[in-house]
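[1] fold the following, please.
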Amino acid sequence: MRSLSILVVAVLLAACGSEPDIGDGPDSVTATPSSTVTIDYRGTLRDGTVFDENDGVTYPLRNFVPGFRDAVNGMQIGETKTFEVPPDQGYGDRPPPGIPPGDTLIFGVTLRDIE
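    Reported below is the predicted structural model:
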């Protein structure tokens, strides 16, 4: 009789369904080009010079250079990724101060949240 009760409870719980934990499995929330994301990131040059670094910043993904936006697109909450952004997908020949023209950028990003 006890095993029947356990089976009934298990069936009832399964019938109620549950949402997967964010960042866990194929139904996880992922960033899209229209997402606003909260990230930790570090941007370096090929020689290892850090040109920008921040934790817990929230921005619309559309505000980033194309190579950054494309790399973060599809990331899941909690995921960490390192990627390169070539000059034609970054700042090209008109970079902000601290980045040489035509330089490839290297980013380490952890996606913390998606709005």
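
[2] in what element of secondary structure is residue 70 found?
    When secondary structure is defined by DSSP states H and E, residue 70 falls within helix 66-72.

[3] packing partners of that helix?
    Counting contacts by 3 or more CB pairs under 8 Å, 6 or more residues apart in numbering; DSSP states H and E, the secondary-structure elements packed against helix 66-72 are strand 80-85, strand 105-114. Every C-beta, even on glycine, is put in place using the N, C-alpha and C of the backbone.

[4] go again using 6 Å as the cut-off
    Packing contacts for helix 66-72, counted by 3 or more CB pairs under 6 Å, 6 or more residues apart in numbering; DSSP states H and E, involve strand 80-85.

[5] show me what counts as buried in the strand it packs on.
    By neighbour count, with 16 or more other CB atoms under 10 Å as the criterion, the buried positions of strand 80-85 are residue 85.
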